[in-house]
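Novice: Build the 3D model from these lines:
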Amino acid sequence: MLLAFALRLQGDADEASEVVQDAWLRALRGLGGFAWKSALRTWLLGVVLNCCRERWAARGESLEVVPELLPAPADHPDLRVDLERAIAALPTGYRAVVVLHDVEGYTHEEIAAQLGVAPGTSKSQLARARRHLRARLAPTAEG
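Specialist: Got it, this is the predicted structure:
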């Protein structure tokens, strides 16, 4: 569960594996402070998300995406482009919101709290991410 979540957020298997290792160490150190106000799964996913955010920040990646700076969706002659690859190719901010909302089922308010953005930003990032995914996957659907 944690590795799949990290892989969706990071888009790279090696990075995801390192994130999960960091998250487990952090979770073990912080388990005494876990108040059981939420499900353990939710807390662990939050730890993974925080580890991802720190890596993004260290690489200078932002959760805010400027739509004009996105590359145009590439034409893919290979009809086997799947959703996981398309999500992995999204910019960090879009990928985080898609995974948290569409895959994990978080509300925009919960996403806003987790990522430190406004709920409206979460909604707009999700809408833009979905447009980008549709454009990227459209050649696959037509084939």
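
Novice: Checking the one residue sitting closest to the centre of the chain next. Helix, strand or coil?
Specialist: When Cα atoms, centre = their mean is applied to the chain, the residue found nearest the centroid is residue 96 (2.4 Å). With DSSP: H, G, I helix; E, B strand; the rest coil as the basis, residue 96 sits in helix.

Novice: For residue 114, see how far away it is.
Specialist: 9 Å (Cβ to Cβ, to the nearest Å). The C-beta positions use only the backbone N, C-alpha and C, and glycine is treated the same way.

Novice: shared neighbours of the two, anything?
Specialist: Common neighbours of residue 96 and residue 114, using Cβ atoms under 8 Å, 6 or more residues apart in numbering, are residue 49.

Novice: Please, which helix or strand holds residue 42?
Specialist: Using DSSP states H and E, residue 42 falls within helix 40-58.

Novice: Extract the C-alpha set from that helix and format it as PDB.
Specialist: What follows is helix 40-58, C-alpha atoms only, in PDB (Å, rounded to 0.1, in the frame of the first residue of the first chain):
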ATOM      1  CA  LEU A  40      -3.200   4.200  11.100                       C
ATOM      2  CA  ARG A  41      -3.400   3.900   7.300                       C
ATOM      3  CA  THR A  42      -4.200   7.600   7.000                       C
ATOM      4  CA  TRP A  43      -1.300   8.600   9.300                       C
ATOM      5  CA  LEU A  44       1.200   6.400   7.400                       C
ATOM      6  CA  LEU A  45       0.100   7.800   4.100                       C
ATOM      7  CA  GLY A  46       0.600  11.300   5.500                       C
ATOM      8  CA  VAL A  47       4.100  10.300   6.600                       C
ATOM      9  CA  VAL A  48       4.900   9.000   3.000                       C
ATOM     10  CA  LEU A  49       3.400  12.200   1.600                       C
ATOM     11  CA  ASN A  50       5.600  14.400   3.800                       C
ATOM     12  CA  CYS A  51       8.700  12.400   2.800                       C
ATOM     13  CA  CYS A  52       7.700  13.000  -0.900                       C
ATOM     14  CA  ARG A  53       7.200  16.700  -0.300                       C
ATOM     15  CA  GLU A  54      10.600  17.000   1.300                       C
ATOM     16  CA  ARG A  55      12.200  15.300  -1.800                       C
ATOM     17  CA  TRP A  56      10.300  17.600  -4.100                       C
ATOM     18  CA  ALA A  57      11.400  20.600  -2.200                       C
ATOM     19  CA  ALA A  58      15.000  19.400  -2.200                       C
END
